[in-house]
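Novice: Here is my input, please return the structure:
(6 chains)
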Number of protein chains: 6
Amino acid sequence: MPLITIDGPQINDTEIKRKLVKEMTEAAVEAYKLPVESIVVLIKETQPENVSVGGQLISDRKV
Amino acid sequence: MPLITIDGPQINDTEIKRKLVKEMTEAAVEAYKLPVESIVVLIKETQPENVSVGGQLISDRKV
Amino acid sequence: MPLITIDGPQINDTEIKRKLVKEMTEAAVEAYKLPVESIVVLIKETQPENVSVGGQLISDRKV
Amino acid sequence: MPLITIDGPQINDTEIKRKLVKEMTEAAVEAYKLPVESIVVLIKETQPENVSVGGQLISDRKV
Amino acid sequence: MPLITIDGPQINDTEIKRKLVKEMTEAAVEAYKLPVESIVVLIKETQPENVSVGGQLISDRKV
Amino acid sequence: MPLITIDGPQINDTEIKRKLVKEMTEAAVEAYKLPVESIVVLIKETQPENVSVGGQLISDRKV
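Specialist: Residues are numbered from 1 along each chain as shown, chains lettered A, B, ... in the order given. Got it, this is the predicted structure:
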């Protein structure tokens, strides 16, 4: 603890995930003044048909 | 924000999802008096072997 | 289960909460075809200095 | 309600899941003095490339 | 990680919390075969007017 | 959406919260290539008697 949970679309490139968790962890270490080993980041990937913004499924949006 | 997260069984019919997120969004707009674009709904689908009620896995229930 | 979690600003009027959970529950009963007693709704109230949209704390917004 | 959510690595053996939810449910019944049917347990399984500890993805750890 | 989150009513006695987190942690150590130090338990206490079961706020129940 | 939820100890200085949500938001914008307005950060503050690591409440730790 602290725990950072990220709910977002799928990220296919692991290198992007590496950078994301590193930056999130660094920001948390600075804010909480806690050791880096105590910071956990959870990436939760959601499909577009399971998310809505403004009452519309993301999968229904005209791109 | 506001954010509505729904943990439930799988919904196979996207039309049902459309109706569900629409109704949830409308209820939240009315309660919070916030613009519809600010309301996010996340549908999280859980398999029956990953949920228990009363200490029993849903997948172990005699149907 | 199903479980509906709502993260949003504080709601001071319990009557609004009653209506919100009732509507959310009805929408879930219809979508999942499950008994009303199985539907749980959790309202989580967050203070404006603990939420950001677009990188800005809600408490810092010029109203 | 009460609801217990477990975020952890994948568990392949259903028998282990049965035991886990049973023990979690029993602990909650004792703590909250509530009926066993009111206790819900949700197991959420996360892949190693979606979790970091100390800023490093679990999938990047030298085993 | 693993992380156990418990959403439930308020627990006033810290001794009960001690026992609850201990038992939850032990169950997780056995299930995941991971070191005890890796197990985090988060207790989230919810007021009765912020929880509904079956569409009714817990605070509205006739006791 | 994306949504970043941070479960951690209390942060008393709002300036630290401003910096934390800004950095988290920037990291998410870069990773997801989505507009900054779509990024929501939720800070959830937990008291030491409601968190355990390794089966021990944080509030019981000898400092």
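Novice: need the helices for chain A, in chain order.
Specialist: With DSSP state H as the criterion, chain A has helices at A:14-32.
Novice: which intervals of it have sub-threshold pLDDT?
Specialist: Within chain A, the stretches with pLDDT under 70 are A:63.
Novice: interface residues of it facing chain E?
Specialist: Counting by CB under 8 Å from any CB of the partner chain, the residues of chain A lying close to chain E are A:1, A:3, A:40, A:42. C-beta: built from backbone N, CA, C; applies to glycine.
Novice: so can I have CSV of those showing distance to E:Gln56 and neighbour count?
Specialist: As requested, these are exported to CSV (distance: CB to CB, whole Å; neighbours: other CB atoms under 10 Å in any protein chain shown):
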residue, distance to E:Gln56, neighbour count
A:Met1, 34, 20
A:Leu3, 32, 23
A:Val40, 36, 25
A:Leu42, 33, 19
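Novice: Among the residues you listed, which ones lie close to chain D?
Specialist: A:40, A:42.
Novice: now the residues of chain A next to chain E as TSV including distance to F:Arg18?
Specialist: As requested, the residues of chain A next to chain E are arranged in TSV below (distance: CB to CB, whole Å):
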residue	distance to F:Arg18
A:Met1	22
A:Leu3	21
A:Val40	23
A:Leu42	24
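Novice: Among the residues of chain A next to chain E, which lie within strands?
Specialist: Counting by DSSP state E, those place A:3, A:40, A:42 in strands.
Novice: Looking at chain A, name the residue that lies furthest from the middle.
Specialist: Distance to the chain centre peaks in chain A at A:Lys62, reaching 24.4 Å (criterion: CA atoms, centre = their mean).
Novice: on that earlier part again, and of the ones in strands among the residues of chain A next to chain E, the nearest to chain B?
Specialist: Nearest to chain B out of these is A:Leu42 (CB to the nearest CB; 13.1 Å).
Novice: May I have the beta-bridge partners of that closest one?
Specialist: Here A:Leu42 sits in beta bridges with A:Thr5, D:Val51, as judged by DSSP bridges.
Novice: gap between it and A:Asn12?
Specialist: 18 Å (CB to CB, to the nearest Å).
Novice: that older thread, which one among the ones in strands among the residues of chain A next to chain E gets closest to chain F?
Specialist: Chain F has its nearest neighbour among those in A:Leu3, at 4.5 Å by CB to the nearest CB.
Novice: residues in contact with the closest one?
Specialist: Applying CB atoms under 8 Å, 6 or more residues apart in numbering or on different chains, we find A:Leu3 in contact with A:40-42, E:3, E:40, E:42, F:6-8.
Novice: Select, from those, the two members most distant in space.
Specialist: In the contacts of A:Leu3, two members sit farther apart than any others by CB to CB. They are A:Val41 and E:Leu42, at 15.3 Å.
Novice: Excluding sequence neighbours, find me the nearest residue to A:Ala27.
Specialist: Counting by CB to CB, 6 or more residues apart in numbering or on different chains, A:Ala27 lies nearest to F:Glu23, which is 3.8 Å off, once chain neighbours are set aside.
Novice: Then A:Ile11?
Specialist: Excluding the flanking residues, the one nearest A:Ile11 by CB to CB, 6+ apart is A:Lys17, at 5.5 Å.
Novice: unless I'm mixing things up, A:Thr14 is touching D:Ser59, no?
Specialist: Yes: with contact defined as CB atoms under 8 Å, A:Thr14 counts as touching D:Ser59 (7.5 Å).
Novice: Give the intersection of the neighbour lists for the two.
Specialist: Shared contacts of A:Thr14 and D:Ser59 (CB under 8 Å, 6+ apart): D:Glu49.
Novice: Now do the contacts for the residue lying closest to A:Lys22 once chain neighbours are set aside.
Specialist: Nearest non-adjacent residue to A:Lys22, counting by CB to CB, 6+ apart: D:Gly55, 5.0 Å away. Each residue near D:Gly55 by CB under 8 Å, 6+ apart is listed here: A:21-22, A:25-26, A:36, A:39, A:41.
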